[in-house]
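Undergrad: I would like the atomic coordinates for the input below:
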Amino acid sequence: MPQITNKEERGALRIDALGLFLAGLINTFLALFVAAIILGPGTSAGQPDLLQRSGWIAANTLRWQAGWFFWFAVTLSFAWSFYALGRHLDNSRPWPAMAMGVAVIAAAVDIVGVLVNLKLLPELAQALANAAAGQDPALPVVFQAMESFANGLVNVAAFGLYTFAGLLLLPAIFATKSYPRWLAWLGTAEWGIAALATVLLVVAPVVATGPLLVSFALYAPWVWGSALWLLRCKP
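TA: Numbers count the residues shown, from 1 in each chain. Model (predicted):
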């Protein structure tokens, strides 16, 4: 029976390590590609003119929806990474459990924003495309309001909650003796910069891009290093 238990534990470790690897791949590389290339022309960052980007969404609805459908993988892999790592850390204090709970809340907020982008914005964009110029001045206002709402959920609220979850993991990370110190400090840098980016997204969005990109760049090495720790070093 102990052999079966050990085999099951090793299998669980491999699944958690795979989850961390996928989270790094999806959130650092694939998410940036989808955001910039697939969705870019329909976002305010890629096209400042509201009518032009709503027209692009109306003309490329399947592409837009495919990009946002992929975002479910981004959301779920990000949330899963907190569970995959947190349950192997020092659980003598409640920090890992709190981090996992906050990550679940973040995923729920994220999914609401994704659904607004996936379903509501294409419908509003199509309504704008079908309406004669100036026929309904309320439509552009509604479109922009829903766009801002979705952006606030996905890029500010959910990201901020994920960042808070990451900060909650840090005490348990440093309390776990087998966890490499350099990796713990890398995680500190990752979530510290993400916290700065969250504040800037609220008070000065124009200058938030730099810290955001740095936090994205640090995320993959951190979770991949954690995956290797699970596979090679964890007792």
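Undergrad: helices or strands next to the helix ranked longest in the chain in the packing?
TA: For the chain, the helix reaching the highest residue count under DSSP state H is reported as helix 61-86. Contact analysis of helix 61-86 by 3 or more CB pairs under 8 Å, 6 or more residues apart in numbering; DSSP states H and E lists helix 2-24, helix 95-115, helix 121-130, helix 159-175, helix 209-228 as its packing neighbours. The way it works is simple: take the backbone N, C-alpha and C, and place the C-beta from them, glycine included.
Undergrad: the ones you listed: lowest mean pLDDT?
TA: Of all those, the minimum mean pLDDT falls on helix 2-24 (a mean of 81).
Undergrad: show residues contacting that one.
TA: Helix 2-24 is contacted from outside by 77-78, 80-81, 83-85, 87-88, 219-224, 226-228, 230-231, 234, using CB atoms under 8 Å, 6 or more residues apart in numbering.
Undergrad: of all the helices and strands packed on helix 61-86, which one is nearest Gly40?
TA: Smallest distance to Gly40 across these (CB to CB): 13.7 Å, for helix 209-228.
Undergrad: any idea of the angle the closest one forms with helix 2-24?
TA: On the basis of axes from the mean of the first three to the mean of the last three CA atoms, to 10 degrees, helix 209-228 is oriented at 160 degrees to helix 2-24.
Undergrad: would you mark the buried spots in helix 209-228?
TA: 211-212, 214-216, 218-220, 222-228 (16 or more other CB atoms under 10 Å).
Undergrad: likewise stretch 179-194?
TA: Tyr179, Leu183, Ala184, Leu186, Gly187, Thr188, Glu190, Trp191, Gly192, Ile193, Ala194.
Undergrad: need the nearest residue in space to Tyr219, chain neighbours excluded.
TA: Among residues not flanking Tyr219 along the chain, Thr28 sits closest, at 5.2 Å (CB to CB, 6 or more residues apart in numbering).
Undergrad: the one you found: neighbour count?
TA: Here the number of neighbours of Thr28 (other CB atoms under 10 Å) works out to 19.
Undergrad: before we move on, back to that, rebuild the buried residues of stretch 179-194 as JSON lines, extending it with distance to Leu62, secondary structure and pLDDT.
TA: Formatted as JSON lines, those follow (distance: CB to CB, whole Å; DSSP: H, G, I helix; E, B strand; the rest coil; pLDDT from 0 to 100):
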{"residue": "Tyr179", "distance to Leu62": "44", "secondary structure": "coil", "pLDDT": "95"}
{"residue": "Leu183", "distance to Leu62": "41", "secondary structure": "helix", "pLDDT": "97"}
{"residue": "Ala184", "distance to Leu62": "44", "secondary structure": "helix", "pLDDT": "98"}
{"residue": "Leu186", "distance to Leu62": "39", "secondary structure": "helix", "pLDDT": "98"}
{"residue": "Gly187", "distance to Leu62": "38", "secondary structure": "helix", "pLDDT": "98"}
{"residue": "Thr188", "distance to Leu62": "42", "secondary structure": "helix", "pLDDT": "98"}
{"residue": "Glu190", "distance to Leu62": "35", "secondary structure": "helix", "pLDDT": "98"}
{"residue": "Trp191", "distance to Leu62": "36", "secondary structure": "helix", "pLDDT": "98"}
{"residue": "Gly192", "distance to Leu62": "40", "secondary structure": "helix", "pLDDT": "98"}
{"residue": "Ile193", "distance to Leu62": "36", "secondary structure": "helix", "pLDDT": "98"}
{"residue": "Ala194", "distance to Leu62": "32", "secondary structure": "helix", "pLDDT": "97"}
